[in-house]
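Novice: Quick check, what structure comes out for this input:
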Amino acid sequence: MAQTAHVRPGGIKAKHQRLVLLAVALVVLVSAALLAAWALRNQASYFYVPAEIVAKPPEPGRAVRLGGMVAQGSLKTEADGVTIAFAVEDGKARVPVRFKGIVPSLFVEGSGVVAEGHLDPGGTFQADNLLAKHDENYVPREMKDMSREQAEQVMRETK
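Specialist: Modelled structure (predicted):
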C-alpha cells in the first residue's frame with residue numbers, strides 16, 4: 001500500500017502549514033522586539049560623570065543622569081527660595097547644575113548626588129530630580145549621638 005500524505009483543504013500539507021505558522025510567529029516576534037527597542041531609544045536615561053559630560057556632552061535636551069559629589073562652597077539658593085544652583089564634580093571636572101524643587105534631606109555639600117535632567121545649550125545641567133546618596137557609614141540622625149553599645153541596644157529592642 002502506498003502512503004498518502006495528509007493534505008488539508010486548500011492543498012497545503014499539515015507539516016508545511018506548521019512551518020508557515022512558525023515562520024510568521026517568528027517574524028511577528030522579531031518585529032515586536034525591534035518596534036519596542038525603537039520606541040524606547042529616546043527614553044533611556046544615560047549616566048554621566050562630570051568628566052564625561054564635559055568631554056563629550058549629550059545633545060541639549062536629551063534626558064541623562066549626572067552623578068558625582070556636590071562641590072564644597074558651590075551650593076546657592078536663588079532669590080525665589082526654591083531654586084538652587086550648585087556644582088557636581090568628580091575630581092576631574094565640574095558641571096554647574098540648577099534645580100527647582102524640594103531637595104532631599106541628605107543633600108549637602110560634599111555628599112554624593114545623582115541629578116536627573118538635561119544639559120541646556122549654555123552647558124548648565126537642568127535637573128528635574130535629585131537623588132542624594134549617603135556613604136556606607138550612614139547613621140540615622142536620631143542615633144548620631146549614641147555610643148555604639150547604645151545603638152546596638154536600640155537595634156535589638158526594635159527587632
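Novice: after the longest helix that the chain contains comes which helix or strand?
Specialist: For the chain, the helix that runs over the most residues, judged by DSSP state H, is helix 14-40. Beyond helix 14-40 on the C-terminal side, the first helix or strand identified by DSSP states H and E is strand 46-48.
Novice: who does that next one pair up with?
Specialist: Each strand paired with strand 46-48, and its direction, by DSSP bridges: strand 64-70 (parallel).
Novice: Name the residues that touch stretch 71-84?
Specialist: 85-89, 94, 98-103, 108-110 (Cβ atoms under 8 Å, 6 or more residues apart in numbering). Placement of C-beta: from N, CA and C, glycine included.
Novice: now with 7 Å?
Specialist: 85-89, 94, 98-101, 103, 109-110 (Cβ atoms under 7 Å, 6 or more residues apart in numbering).
Novice: Tell me the buried residues in stretch 89-109?
Specialist: For stretch 89-109, the neighbour count (16 or more other Cβ atoms under 10 Å) marks 89-90, 93-95, 97-99, 103, 107 as buried.
Novice: Present these as CSV; the columns should include secondary structure and pLDDT.
Specialist: Conversion of those to CSV gives the following (DSSP: H, G, I helix; E, B strand; the rest coil; pLDDT from 0 to 100):
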residue, secondary structure, pLDDT
E89, strand, 92
D90, coil, 89
A93, coil, 92
R94, strand, 94
V95, strand, 95
V97, strand, 96
R98, strand, 96
F99, strand, 96
V103, coil, 87
F107, coil, 86
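Novice: Could you work out the most separated pair of those residues?
Specialist: Farthest apart among the buried residues of stretch 89-109 by Cβ to Cβ are A93 and V103. That separation is 22.6 Å.
Novice: what secondary structure does the closest residue in space to R98 that isn't next to it in sequence sit in?
Specialist: The shortest distance from R98 to any non-neighbouring residue, by Cβ to Cβ, 6 or more residues apart in numbering, is to A85 (5.2 Å). Recorded secondary structure, A85: strand (DSSP: H, G, I helix; E, B strand; the rest coil).
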